[in-house]
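Undergrad: sharing a model that was predicted from the sequence below.
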Amino acid sequence: LAKTTQPISMDSYEGQEVNITCSHNNIATNDYITWYQQFPSQGPRFIIQGYKTKVTNEVASLFIPADRKSSTLSLPRVSLSDTAVYYCLVGVRGTYKYIFGTGTRLKVLA
Amino acid sequence: ETGVTQTPRHLVMGMTNKKSLKCEQHLGHNAMYWYKQSAKKPLELMFVYNFKEQTENNSVPSRFSPECPNSSHLFLHLHTLQPEDSALYLCASSQASGGRNTGELFFGEGSRLTVL
């Protein structure tokens, strides 16, 4: 399974756009890229998933370049409640082994 | 509310106790997972079940014993644990359709375990 690498932490201010990049150099053809958000003492929550190019939903956008060796989660106009740990997860559809990386601890400041 | 319920939410046990964690999913999923999360660390995959069959055991010590009686219920039986086993234990489920897992995991709120 592809290993993921993310920045350990990031700070931002309310109202700013935040971009968190994840590196997955060994991603395989069948691997999808999924991002999760986790608040303290809670289970992670699915944010967005993609395979290539760009995916957008009501909370975030996911940008995946053509070589798929990295992905960027974009959170528009963050608020204090977006302070959390964000995980990028690369998993193979058709299998059930999902290994989380270290995640990025985002702190949103007022 | 994610559709995955874990009980108890908090558990304190001595090293010689036997206890169990329970997970129930109401989503009709067929794959269930146990993850362990120690303080300020990423999630560690422990076990995976697919249609009640264990498909992954990520080198977990035998003092942790999983049980999956059906696709909706998952247990983690705990016996003679160590203080370093204190952590948040998270259950998750996912749906496989036609042999293809969506890759979208639905997590419960977790069971906070403290071993004295």
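TA: Good, I have the coordinates. What you see is a predicted model, and the numbers here were worked out from it, not measured in a lab.
Undergrad: report the buried residues of stretch B:48-67.
TA: B:Val48, B:Tyr49, B:Asn50, B:Glu56, B:Val60, B:Phe64, B:Pro66 (16 or more other CB atoms under 10 Å in any protein chain shown). Any C-beta I mention is one placed from the backbone N, CA and C, and that applies to glycine too.
Undergrad: avg pLDDT for it?
TA: The pLDDT scores in stretch B:48-67 average 90.
Undergrad: output it as CSV, restricted to C-alpha atoms.
TA: Output of stretch B:48-67 as CSV, limited to C-alpha atoms (Å, rounded to 0.1, in the frame of the first residue of the first chain):
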residue,chain,number,x,y,z
VAL,B,48,-10.5,-6.1,9.4
TYR,B,49,-13.5,-8.3,8.9
ASN,B,50,-15.4,-8.8,5.6
PHE,B,51,-18.7,-10.6,5.7
LYS,B,52,-17.8,-11.8,9.2
GLU,B,53,-14.5,-13.3,8.1
GLN,B,54,-11.2,-11.8,9.4
THR,B,55,-9.1,-10.6,6.5
GLU,B,56,-6.5,-8.6,8.3
ASN,B,57,-4.7,-9.0,11.6
ASN,B,58,-2.0,-6.3,11.8
SER,B,59,0.3,-8.2,14.2
VAL,B,60,-1.9,-7.4,17.1
PRO,B,61,-1.0,-9.1,20.5
SER,B,62,-3.2,-12.0,21.5
ARG,B,63,-4.4,-10.1,24.6
PHE,B,64,-6.7,-8.4,22.0
SER,B,65,-9.3,-10.8,20.6
PRO,B,66,-11.8,-9.7,18.0
GLU,B,67,-15.2,-11.3,17.3
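Undergrad: related to what we said a few turns ago, pull the most distant pair out of the buried residues of stretch B:48-67.
TA: Farthest-apart pair in those is B:Asn50 and B:Phe64; separation 18.8 Å (CB to CB).
Undergrad: now the buried residues of stretch B:48-67 as JSON lines including distance to A:Ser61?
TA: As requested, the buried residues of stretch B:48-67 are exported to JSON lines (distance: CB to CB, whole Å):
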{"residue": "B:Val48", "distance to A:Ser61": "30"}
{"residue": "B:Tyr49", "distance to A:Ser61": "34"}
{"residue": "B:Asn50", "distance to A:Ser61": "32"}
{"residue": "B:Glu56", "distance to A:Ser61": "32"}
{"residue": "B:Val60", "distance to A:Ser61": "37"}
{"residue": "B:Phe64", "distance to A:Ser61": "39"}
{"residue": "B:Pro66", "distance to A:Ser61": "37"}
